[in-house]
Structures are given as C-alpha cells and as structure tokens.
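Engineer: Please find the sequence and the predicted model below.
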Amino acid sequence: MIWNEEFECMSPADIKRVQSERLKKLAALVYSNCKVYKDKFDKAKVTPDSIRSIDDIKKLPFTTKIDMRDNYPYGLFSADQKDVKEIHVSSGTTGNPTLVGYTKDDLKLWGEVMARSLACAGAEPGDTVQNAYGYGLFTGGLGVHYGGLEMGLRVIPMSSGNTARQLKIMQDFQPKLLTCTPSYALYMAEEAKELGIDPKKGNWKVGVFGAEPWTEKMRAEIEDAWNMLATDVYGLSEIIGPGVAQECPHKDGLHVYNDVFYPEIIDADTGEAVAEGEDGELVITTLTKQAIPLIRYRTRDVVSITYEKCKCGRTTPRISKIKGRTDDMIVVRGINVFPSQIEHVLLGIDGTSPNYQIIVDRQQHQLDEVEVLVEVDGKLFSDEVKQLEELKRKIKKEISAVLSIAAKVTLVEPKTIERSIGKAKRVIDKRQM
Ligand code: DLL
C-alpha cells in the first residue's frame, strides 16, 4: 500500500511547488534562528529572500559532519531547547559524537516517513513487526517503532541481540515483518538452524533491512533462509534516522521522500551536480525539520538517482543501493566507525604510537569482528608482560567506550605495520559484501 499518496505520487510540477515553498521557509528559519547558518549564508553572500524556488538551492552552502562537530552540542539547533523532545547521538569523526535533536513535529515526521517506508516494503496495518534494531541512542529501534505505531502495526520492541530469545518470540508471535541489520538477519537464521528451528517456517512477509551496506548476494541468502522478501531501508541520524529512502517490492532502487528530504547527487570533488544515473555523493536538505534542519548535508554516501516513475506507482525519485563512501567511514555491526576515532583514543594513551591498523572480518553468516593492531613504544616491549597486558586492556576499554564495539586489540612491535608512501591504509576490510 502507498501510505501517503498525496506526496508519494505527486506530479513533478506539484512537487516542485511544494519543495520551493518549503525551501523558502527553511532558509528564512535557519538564517534567523541559527548563528552558524547565518554566518555560512553571509560568507556565501546569499540571503533568504534570494531563494525563490528549489532551483536556488545551489546558491546555498553545504553542511558537513565537521560543522556538526565544531558546533557540538547545541550550535546547529534552530529551535529553542524547551521545544526539543528527544536527542540521539551518532558517531562523530573524533572525540565528540554527532548530536541529533527532535521537536514534537520532527518526531511526527519521523513516524510519518517510517510509516511510508514500512508500507512501501509491504506492511499493512495490523501486521506484527519484530523490531530487532537496537533501541537507545542508536536510531534504528525507535525509528521503526515510531513508524510502526503511526501505521498501526503491532510492534515487538525486541532491540538487537539475545538471539535465542529473538527466536523464541518469533515462534510464539509469528510476526510478518522483521527489521534489523541484514547481517543480523543472516546470523539469526544460522543460529536458528543450530538450535533445530527452521527459519522458513514462520509467517514472514517482508524484512526491512539497513543501517549498513549489503549486496544482492546477501539479499538472496536472506530471502532464501527466511522465506521472505528482503527490502533495503536507508537513512542517517543527522537527517532523521531510518526512513530517508526505502525499496518497494520491485526492488529497483530506494524511494526518497523528496517532499521532506530533497536529494542532490554531486561530484564529491567539485560539488557540482552529476547527470541522472551517474554515481556521486548524496546530499540532502531537510525541507521541514525544525530542531536541527540541515541544508545540503553531505552524507558521504555514494549513489546514483533516477526520476523515472516506478512500477509501484510512486513518482518519488529512487536512489541505488549505497555503493560506497567518499570518506573512510566503515560500518561494523551497524555502527559507524571512523578510523580517526581510534587514532584519537591512541593519542590519549601513553606508550602507543599513532601507527595502527583496523582489520574487519566476517566469517560466513557470523557477525563482524574487529581487530586493532597498535604499534607500541620499543622500550615497552622489553618490559614486563603484565604492563603490556595492562596497556592492551586500557586500549580495549577506551575503544569500547568511544565506539561501543568490543575490538580485539593486538600490540605489535614498532615498525611492524606496513608504511605507505601515500595515504596510510588504516582499514583492511576482509568482509565479502
Ligand atoms: O544507520 C539509520 C538507519 C537505521 C538506517 C536503521 C536503516 C535502518 P546512522 O547510524 O547515523 O543511521 O548511520 C548512517 O549508515 O550514512 C550509511 O553510510 C549507512 N547506512 C544506513 N543505511 C544504509 C543502507 C542509521 N541501507 C550511515 N545501506 C549512512 C548502506 C547504510 N548503508
């Protein structure tokens, strides 16, 4: 079903009118309420009244994660703190996380776009959803939760982990929808088989999987293991969370809700638009958000876009699956990791050097494993084993505090990690995705 036919099936002329009206209001809002944006506009010599239609968006400056980091925590808010009803955080590049805030209307918008997404995947009011995205500061759990409530699903707020319990609940309540990261869907299927449970024997209709890159091969494996349709959902905390774009059962690109999230695809180096169908960096403007509206936010995700009407009847543009990143962020178990965060941790610990390497691996149908190799001071190596163990424990603890990931830490002797004459190769990703 199409949750919001008015906006999901709007004619190109009408959508342009809506986007233009919304952009004008947005430019005026951020200019008067957010000093960071006022300064950015002034620097770019653009005033809100020079924005007359959505085409004028190109006059506006980009916003980046660096802007969010530099103005942490409250600098990018356009709303008063008393109107902020919920905050979340996502990974920052170093030190501070990226703060995300919602007003009551922003939460309503989140519920609306996630209801559109769940319906787009094939959910119908009354269906039961087992929501195995993490709840808490991570945006997946609550995003699906709000969307499920909005569209009248019966939500089981499982959160991620505790697989045996997940499988028991599945058997007891026979949900039609499964929502979690694609790698967790595969892992759960494998665990089910180990426990003698046949994952095919559910009442499954569709899975809504995202938060990390996944391939068509993984899709085929998930569909086969669970006997369900597997769809892709995309989003990022800074924009709203999950619910920026979603595949319909035709699985031919992810529908972007462009009445509220205006997409542009640019050449990451020049900042200029690329042609329809070509790969580039996805840039999004939140046309109606209030707490932290973002103008031309550089997602760093690489996609292509098509404006052709889909067979499902929606006229919204569709982006491809995420093809890569224009920075060095990696996603591990659905958690965003910037190598610079690890570097930042190491810089704060005596006895280590900033020479490190991150190895990410995944055994067949298992969860991602991370190993961090760290070069330590030569003199430490001649010291007691106890001291090395202590250092290892400290690094592990700090990495876990910053990244919420239990990494294996291996200390290595100086000059063991291969040096590079160009950009250091910080990440070795052995996962077959
Ligand atoms: O991961 C939002 C989300 C939650 C999406 C649940 C889907 C389901 P962040 O933690 O802020 O938000 O991470 C956002 O994750 O910029 C992408 O690089 C990556 N990502 C998200 N969805 C997909 C996807 C959530 N479907 C970052 N495919 C984004 C590939 C994805 N990468």
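Structural biologist: All right, it came through fine. Numbering: from 1, shown residues only.
Engineer: what about stretch 66-86, start to end distance?
Structural biologist: Chord length of stretch 66-86, first to last residue, is 22 Å (CA to CA, to the nearest Å).
Engineer: Can you pull out the residues in contact with that stretch?
Structural biologist: The contact list for stretch 66-86, computed with CB atoms under 8 Å, 6 or more residues apart in numbering, reads 29-30, 33-37, 63, 92-99, 101-104, 106-107, 142, 238, 290-294. All C-beta atoms are positioned from the backbone trio N, CA, C, and that covers glycine.
Engineer: Get me the contact residues on the stretch 151-300 of the chain for the ligand.
Structural biologist: Counting by CB under 6 Å from any ligand atom, the positions of the stretch 151-300 of the chain adjacent to the ligand are 210-213, 232-237, 241-242, 299.
Engineer: Okay, helices next: where are they in the stretch 201-350 of the chain?
Structural biologist: In order along the chain, the stretch 201-350 of the chain carries the following helices (DSSP state H, counting those that start in this stretch): 216-226, 339-347.
Engineer: moving C-terminal of the last one, what's the next helix or strand?
Structural biologist: Per DSSP states H and E, the first helix or strand lying C-terminal to helix 339-347 is strand 352-361.
Engineer: Tell me the strands beside that following strand, with direction?
Structural biologist: Here strand 352-361 is paired, per DSSP bridges, with strand 369-376 (antiparallel), strand 427-429 (parallel).
Engineer: and the ligand, which of the ones you listed is closest to it?
Structural biologist: strand 427-429 (13.7 Å; CB to the nearest ligand atom).
Engineer: Wondering if the closest one reaches the ligand at all.
Structural biologist: No. Judged by CB under 6 Å from any ligand atom, strand 427-429 makes no contact with the ligand; its nearest approach is 13.7 Å.
Engineer: Report the buried residues of that strand.
Structural biologist: Residues Val427 are the ones in strand 427-429 that count as buried (16 or more other CB atoms under 10 Å).
Engineer: what does that strand rub up against?
Structural biologist: Asp328, Ile330, Pro339, Gln357, Ile358, Ile359, Val360.
Engineer: Pull the most distant pair out of the residues you listed.
Structural biologist: Across the contacts of strand 427-429, no pair lies farther apart than Asp328 and Ile359, at 14.4 Å, counting by CB to CB.
Engineer: re earlier: specify which member of the contacts of strand 427-429 is nearest to Glu124.
Structural biologist: Using CB to CB, these come closest to Glu124 at Ile330, 36.0 Å.
Engineer: Find the nearest non-adjacent residue to the closest one, please.
Structural biologist: Leaving aside its chain neighbours, Ile330 sits nearest to Val337 (5.2 Å; criterion: CB to CB, 6 or more residues apart in numbering).
Engineer: can you pull the contacts of that neighbour?
Structural biologist: Ser91, Met329, Ile330, Val331, Ile358, Val370, Leu403, Ile405.
Engineer: go with 7 Å
Structural biologist: Ser91, Met329, Ile330, Leu403, Ile405 (CB atoms under 7 Å, 6 or more residues apart in numbering).
Engineer: Any chance of JSON lines for these, columns neighbour count, distance to Leu118 and pLDDT?
Structural biologist: Listed next are the contacts of Val337 as JSON lines, based on neighbours: other CB atoms under 10 Å; distance: CB to CB, whole Å; pLDDT from 0 to 100:
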{"residue": "Ser91", "neighbour count": "19", "distance to Leu118": "26", "pLDDT": "84"}
{"residue": "Met329", "neighbour count": "18", "distance to Leu118": "27", "pLDDT": "92"}
{"residue": "Ile330", "neighbour count": "21", "distance to Leu118": "28", "pLDDT": "93"}
{"residue": "Leu403", "neighbour count": "20", "distance to Leu118": "29", "pLDDT": "87"}
{"residue": "Ile405", "neighbour count": "15", "distance to Leu118": "28", "pLDDT": "88"}
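Engineer: Now, these that are in strands?
Structural biologist: If you go by DSSP state E, the contacts of Val337 have Ile330 in strands.
Engineer: Helix or strand for Ala13, just tell me which one.
Structural biologist: Counting by DSSP H and E, Ala13 is found in helix 12-33.
Engineer: Quick one: name whatever helix or strand follows that helix.
Structural biologist: Heading C-terminal from helix 12-33 (DSSP H and E), you reach helix 35-43.
Engineer: what's the angle from that following helix to helix 12-33?
Structural biologist: 110 degrees (axes from the mean of the first three to the mean of the last three CA atoms, to 10 degrees).
Engineer: returning to that earlier point: now the helices of the stretch 201-350 of the chain as a markdown table including mean pLDDT and mean neighbour count?
Structural biologist: What follows is the helices of the stretch 201-350 of the chain, written out as a markdown table (pLDDT from 0 to 100; neighbours: other CB atoms under 10 Å):
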| stretch | mean pLDDT | mean neighbour count |
| --- | --- | --- |
| helix 216-226 | 94 | 17 |
| helix 339-347 | 89 | 19 |
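Engineer: Show me the one of the ones you listed that comes nearest Ile51.
Structural biologist: The nearest among those, by CB to CB, is helix 339-347 at 34.4 Å.
Engineer: Using PDB, write out every CA atom in the closest one.
Structural biologist: These are the backbone C-alpha positions of helix 339-347, laid out as PDB (Å, rounded to 0.1, in the frame of the first residue of the first chain):
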ATOM      1  CA  PRO A 339      39.400   5.400  11.800                       C
ATOM      2  CA  SER A 340      40.100   8.900  13.200                       C
ATOM      3  CA  GLN A 341      38.200   7.900  16.400                       C
ATOM      4  CA  ILE A 342      40.600   5.100  17.100                       C
ATOM      5  CA  GLU A 343      43.500   7.400  16.400                       C
ATOM      6  CA  HIS A 344      42.100   9.900  18.800                       C
ATOM      7  CA  VAL A 345      41.900   7.200  21.500                       C
ATOM      8  CA  LEU A 346      45.500   6.100  20.900                       C
ATOM      9  CA  LEU A 347      46.800   9.700  21.100                       C
END
